[in-house]
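Visitor: dropping a prediction and its sequence here:
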Amino acid sequence: MSEHSTVSSTGGMSNGDAQDYQGLGSIVGNIASDVTTLVRQEAELAKAELKDEAAKATKAVGLFGSAGAAAHLGALFLTLALALGLAEWLDTDLGWTTLAVGLLWMLVAGVAFASGRNRMREVDPVPRKTIKTIKEGL
């Protein structure tokens with residue numbers, strides 16, 4: 001025991017021990033409160049950072065959309081130019097060359113679809129590594 005505490009005849013704590021115990025409880029309470037405040041502040045900071053990053057991503061996605069629209073228009077005009085060029089070169093009706101160019105684009109679309117479908121089959125939507133880590137932590 002410390003030099004400031006004495007055990008009473010009833011086996012209880014003296015005033016010095018009670019004050020030390022109350023002081024320790026207060027310190028632990030303050031630490032818990034500080035940790036809670038820190039966690040809340042960190043969560044708020046993370047939310048603010050994510051919000052800023054989401055705004056940046058939104059602008060970037062808008063630019064990607066604009067680029068996609070411009071590329072689509074470019075592809076349409078190049079398709080028209082190809083059909084006109086083929087009609088002139090083959091000395092045939094424009095209808096047949098536009099049909100041929102359209103079929104070519106459908107072939108490209110089919111290949112892209114099949115490739116995307118095959119890659120999608122490789123995607124596992126279940127976060128297995130995270131589940132394993134959580135199970136190991138339990």
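Guide: Yes, it's here. Keep in mind the model is a prediction, meaning the values are calculated, not measured. Numbers count the residues shown, from 1 in each chain.

Visitor: and the helices in this protein?
Guide: Counting by DSSP state H, the chain has helices at residues 15-90, 94-121, 128-137.

Visitor: worst average pLDDT in the ones you listed?
Guide: Comparing mean pLDDT over these, the weakest stretch is helix 128-137, at a mean of 78.

Visitor: dump that helix to CSV, restricted to CA.
Guide: Listed in CSV are the C-alpha atoms of helix 128-137, where the atom choice follows Å, rounded to 0.1, in the frame of the first residue of the first chain:
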residue,chain,number,x,y,z
ARG,A,128,-13.8,-13.2,-50.1
LYS,A,129,-10.5,-11.8,-48.7
THR,A,130,-12.4,-9.3,-46.5
ILE,A,131,-14.7,-12.1,-45.2
LYS,A,132,-11.7,-14.3,-44.5
THR,A,133,-9.9,-11.4,-42.6
ILE,A,134,-13.0,-10.8,-40.5
LYS,A,135,-13.5,-14.4,-39.7
GLU,A,136,-9.8,-14.6,-38.6
GLY,A,137,-10.3,-11.6,-36.4
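
Visitor: quick revisit: could I get the helices of the chain as TSV with mean neighbour count?
Guide: C-betas here are computed from N, CA, C, even on glycine. TSV is the format used below for those (neighbours: other Cβ atoms under 10 Å):
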stretch	mean neighbour count
helix 15-90	11
helix 94-121	11
helix 128-137	9
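
Visitor: list the contacts for Leu84?
Guide: Applying Cβ atoms under 8 Å, 6 or more residues apart in numbering to Leu84 gives the contacts 94, 97.

Visitor: kindly recompute the last result at 10 Å.
Guide: 94, 97-98, 101 (Cβ atoms under 10 Å, 6 or more residues apart in numbering).

Visitor: from Leu103, how far out is it?
Guide: Going from Leu84 to Leu103 by Cβ to Cβ, to the nearest Å gives 17 Å.

Visitor: kindly report the same for Lys56.
Guide: Distance from Lys56 to Leu103, by Cβ to Cβ: 42 Å.

Visitor: appreciated, that's everything.
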